[in-house]
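K.L.:
One predicted model, sequence on top.
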Amino acid sequence: MQRRRPGAAFGPWQRWARQQIPRSVQLLRSLVPPHEPCPDFLTPLNATDLDAGLDALLYTPKSTLHSELEEFTHVTGKPLAWASSLADGSPRALETVSHAIHDWHRTAIAPMQQHLHARTEATRLSAARTLLAEGLDAMLSRLHPTIRWTPPYSNSPVPTSTRTSTWKGVDYA
């Protein structure tokens, strides 16, 4: 949402969504910068849906909040003065972030859910056809323009700061 030039795929949605976003979502701008990673506690691993994810967020251990926000500040170079209560595990701060994420989903994602599902299914079907017709290497080499497939490695860029970028690889051997 914060990228100035989101590209053809996201531009129309971004223009539409920006008009829908309530004020409560603004605090997420500092926690989810456009070119930096966000703290992991915002994307819980075992959450199966939005409610489960928000529940996991609300019960994130204080030690996790503190260490991830400290790392976030180190990586981004942007201290979040308002986030000290969040790092301390304040229930009110966690609820504020949870409500912001819920409001973001309600206004920008939920109205597009059917469209997103249809696009995901079309992409999945295309990948399955490529896999059956041309094999695994062909399918993996076409996943996304930013993903490099060099058997047995899949590499994608992971920003480490606004000035540098590294490539993280997954070994499938």
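P.N.:
The structure has been received and is ready for your questions.

K.L.:
From T73, how far off is S67?
P.N.:
Relative to T73, S67 is positioned 11 Å away (Cβ to Cβ, to the nearest Å). All C-beta atoms are positioned from the backbone trio N, CA, C, and that covers glycine.

K.L.:
So A56: helix, strand or coil?
P.N.:
Using DSSP: H, G, I helix; E, B strand; the rest coil, the structure places A56 in helix.

K.L.:
Quick check: closest non-adjacent residue to it.
P.N.:
Distances taken as Cβ to Cβ, 6 or more residues apart in numbering place P44 nearest to A56, at 3.7 Å, with adjacent residues excluded.

K.L.:
Count the neighbours of that neighbour for me.
P.N.:
Counted with other Cβ atoms under 10 Å, residues neighbouring P44 total 16.

K.L.:
hang on, S154 in a helix?
P.N.:
No - under three-state DSSP, S154 falls outside any helix and is assigned strand.

K.L.:
Surely it touches L140?
P.N.:
Yes - shown here, S154 and L140 form a contact pair, counting by Cβ atoms under 8 Å, at 6.3 Å.

K.L.:
Residues that sit against both of those two, list them.
P.N.:
Both S154 and L140 are contacted by I147, under the criterion Cβ atoms under 8 Å, 6 or more residues apart in numbering.

K.L.:
Longest helix of the protein, counting residues only.
P.N.:
Counting residues, the longest helix found in the chain (DSSP state H) is helix 113-134.

K.L.:
That one: which residues count as buried?
P.N.:
For helix 113-134, a neighbour-count test (16 or more other Cβ atoms under 10 Å) marks T130 as buried.

K.L.:
and that helix, how far from the chain's centre?
P.N.:
Taking the mean of its C-alpha atoms, helix 113-134 sits 21 Å from the chain's own mean (Cα atoms, centre = their mean, to the nearest Å).
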